[in-house]
Each structure stands twice: as structure tokens, then as C-alpha cells.
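Peer 1: Mind looking at a prediction? Sequence and model below.
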Amino acid sequence: MEIKEIAHIRTPFNDKFGIPRQSGMADIPGRIVFCEKYRAKEALRGIEGFSHLWIIWGFSQSEEKHSLTVRPPRLGGNKRVGVFATRSPYRPNSLGLSSVRLTGVENTHEGTVLLVEGVDMADGTPVYDIKPYLSYTDSHPDAQGSFADDALAHRLNIVFLPEAENFLQKEMKENVCDILSLDPRPSYQDDPQRIYGVSIYDFDIRFTVDGDTLTVKEIKGE
């Protein structure tokens with residue numbers, strides 16, 4: 001079976017560090033731009049009637065390797081579980097699955113573009129398929145998430161040092177805070193003196209984490 005790239009997605013994430021571990025955990029916007037072969041309007045006819053979409057995409061920034069067991073970050077990186085019990089990028093087939101909110105359909109010089117929110121993909125990630133989310137069959141309120149449910153309660157308080165406080169515009173700052181509150185660090189790292197760096201919206205953001213507080217120390221960029 002040959003799998004074909006139908007589009008790519010544009011997001012604020014220049015590299016994989018800092019990307020939310022799951023889709024929908026932060027209201028981060030993205031733009032799905034179709035390859036020329038698939039830009040015909042009829043291919044998207046009726047899509048505006050759906051509030052959410054499933055995106056099937058490729059882990060383009062992961063190394064070409066896979067294992068039958070992996071160490072999930074939310075288990076501290078110390079416990080191995082089966083790869084098919086996780087959403088690790090190190091899989092036999094490097095495919096990702098994300099549920100995103102459809103916020104608009106826009107006609108541009110690049111054809112019809114889908115505007116979405118809740119992305120968990122790096123900028124330029126290849127998209128292989130798009131399917132509508134159907135609440136009557138895809139939603140399972142009583143579903144159990146095993147160890148992954150612990151991530152829902154893991155949020156950090158965000159503090160900006162004065163020199164970094166007014167560097168970002170309001171909406172951009174809200175998105176950055178949403179991303180950082182999810183704690184992008186590996187779970188096994190807990191050094192309050194260590195300075196981390198993440199690239200979002202072409203800004204280089206430097207921060208430390210002490211307990212439940214993340215402090216943005218410096219922002220460089222445009």
C-alpha cells in the first residue's frame with residue numbers, strides 16, 4: 001500500500017520540543033494547506049458542516065526507529081509499556097492521529113485552506129488523510145485512559161520576569177502560556193536551576209521550572 005501526502009499543516013511549533021503531547025489540550029491554531037493535486041474545491045464540499053476533524057499525519061521529526069516497548073513521559077520515562085498502549089512516535093508505521101476543531105474554511109492563493117485548533121504537530125508536518133469526527137460514534141464519555149489520564153491534572157502556573165512580560169502580543173501570549181502550562185519537560189527532569197528553551201512562533205523562549213511554577217526568563221525573536 002502506498003500512502004500519499006495530501007497536505008501539510010502550518011503551526012507555531014518549529015521543533016518537537018514544546019508540542020502538546022495530545023491534540024486538543026491547548027487551543028493552538030493551525031492551517032492545513034493541500035498539495036496542488038488535492039486543491040479542488042469539490043474534495044472539501046460539505047466539510048464546513050463538521051465542528052471537528054480527525055487528522056492522520058506523519059511523525060516527520062522523529063528518528064527512523066521503533067520498538068515493541070516504550071517509556072511514556074508521563075510514567076517518568078522509567079517504566080516500559082507496549083508501544084500499542086501508547087501514542088509514542090516510535091512505531092512500526094510513523095503515523096499520528098489527532099482530533100482538531102475546524103474553525104474555518106478559507107479560499108487563498110494556495111487553494112482552499114482549513115483553519116483548525118488544538119494541534120499537536122510541528123510546522124510542515126505531512127498530512128495523509130482527513131476524516132470528519134462523528135460525535136454519535138467517536139465520543140465515549142465513559143472511556144478510561146489508564147496512566148494517560150494523569151496528564152489532565154498536570155498544569156503549571158506561568159510567571160513572566162519583567163523583561164519578558166510584554167514581549168508577546170496578547171493572543172500569542174495566551175497561546176504560549178497554554179503550551180507551557182502543559183510542562184514540555186521530560187518527566188524525569190526536575191532541576192529548578194536548569195534553563196530550558198522552546199521555539200514557538202519564531203520566538204526563542206527560555207524558562208525554568210520550580211515545583212508547580214514555570215518562570216519565563218527571556219524571549220528572543222522578531
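Peer 2: Thanks, I have the structure now.
Peer 1: Packing partners of the top helix by length along the chain?
Peer 2: For the chain, the helix with the greatest residue count under DSSP state H is helix 170-181. Of the remaining helices and strands, those touching helix 170-181 by 3 or more CB pairs under 8 Å, 6 or more residues apart in numbering; DSSP states H and E are strand 157-160, strand 196-200, strand 203-210, strand 213-220. Any C-beta I mention is one placed from the backbone N, CA and C, and that applies to glycine too.
Peer 1: can you do 6 Å?
Peer 2: Packing contacts for helix 170-181, counted by 3 or more CB pairs under 6 Å, 6 or more residues apart in numbering; DSSP states H and E, involve strand 157-160.
Peer 1: pLDDT (mean, whole number) over the longest helix of the chain?
Peer 2: Helix 170-181 shows a mean pLDDT of 93.
Peer 1: repeat for stretch 93-110
Peer 2: 95.
Peer 1: Repeat that for stretch 41-51.
Peer 2: 95.
Peer 1: Please state the offset of that stretch from the chain centre?
Peer 2: Mean C-alpha position of stretch 41-51 versus that of the full chain (CA atoms, centre = their mean, to the nearest Å) differs by 23 Å.
Peer 1: Kindly state the beta-bridge partners for the nearest residue to Arg194 once chain neighbours are set aside.
Peer 2: Using CB to CB, 6 or more residues apart in numbering and skipping the chain neighbours, the partner closest in space to Arg194 is Thr208 (6.7 Å). Using DSSP bridges, the bridge partners assigned to Thr208 are Thr215.
Peer 1: number of nearby residues for Thr208?
Peer 2: Per other CB atoms under 10 Å, the neighbour tally for Thr208 reads 16.
Peer 1: ok, so what distance separates it from Gly24?
Peer 2: 27 Å (CB to CB, to the nearest Å).
Peer 1: Quick check, the residue nearest to Arg194 in contact with Thr215.
Peer 2: Yes. Proximity of Thr208 to Thr215 meets the contact threshold set by CB atoms under 6 Å, at 5.3 Å.
Peer 1: helix or strand right after the lowest-mean-pLDDT helix or strand in the chain?
Peer 2: Ranked by mean pLDDT, DSSP states H and E, the weakest helix or strand in the chain is strand 69-70, scoring a mean of 86. Using DSSP states H and E, the helix or strand that follows strand 69-70 in sequence is strand 81-82.
Peer 1: Check which residues of the longest strand anywhere in the chain are buried.
Peer 2: Longest strand in the chain by number of residues (criterion: DSSP state E): strand 95-108. For strand 95-108, burial by neighbour count (16 or more other CB atoms under 10 Å) applies to 96, 98-102.
Peer 1: out of those, who's nearest Glu36?
Peer 2: Comparing the buried residues of strand 95-108 against Glu36 with CB to CB picks out Leu102 as the nearest, at 22.0 Å.
Peer 1: nearest spatial neighbour of the closest one, skipping sequence neighbours?
Peer 2: For Leu102, the spatially nearest residue (CB to CB, 6+ apart) is Leu53, at 5.4 Å.
Peer 1: and the chain, what are its domains?
Peer 2: Annotated domains of the chain cover 7-138, 155-220 [automatic domain parsing].
Peer 1: Over to Glu42: give its phi and psi.
Peer 2: When read as degrees, to the nearest 10, the backbone of Glu42 gives phi -70, psi -20.
Peer 1: Enumerate every residue touching it.
Peer 2: Residues near Glu42 by CB atoms under 6 Å, 6 or more residues apart in numbering: none.
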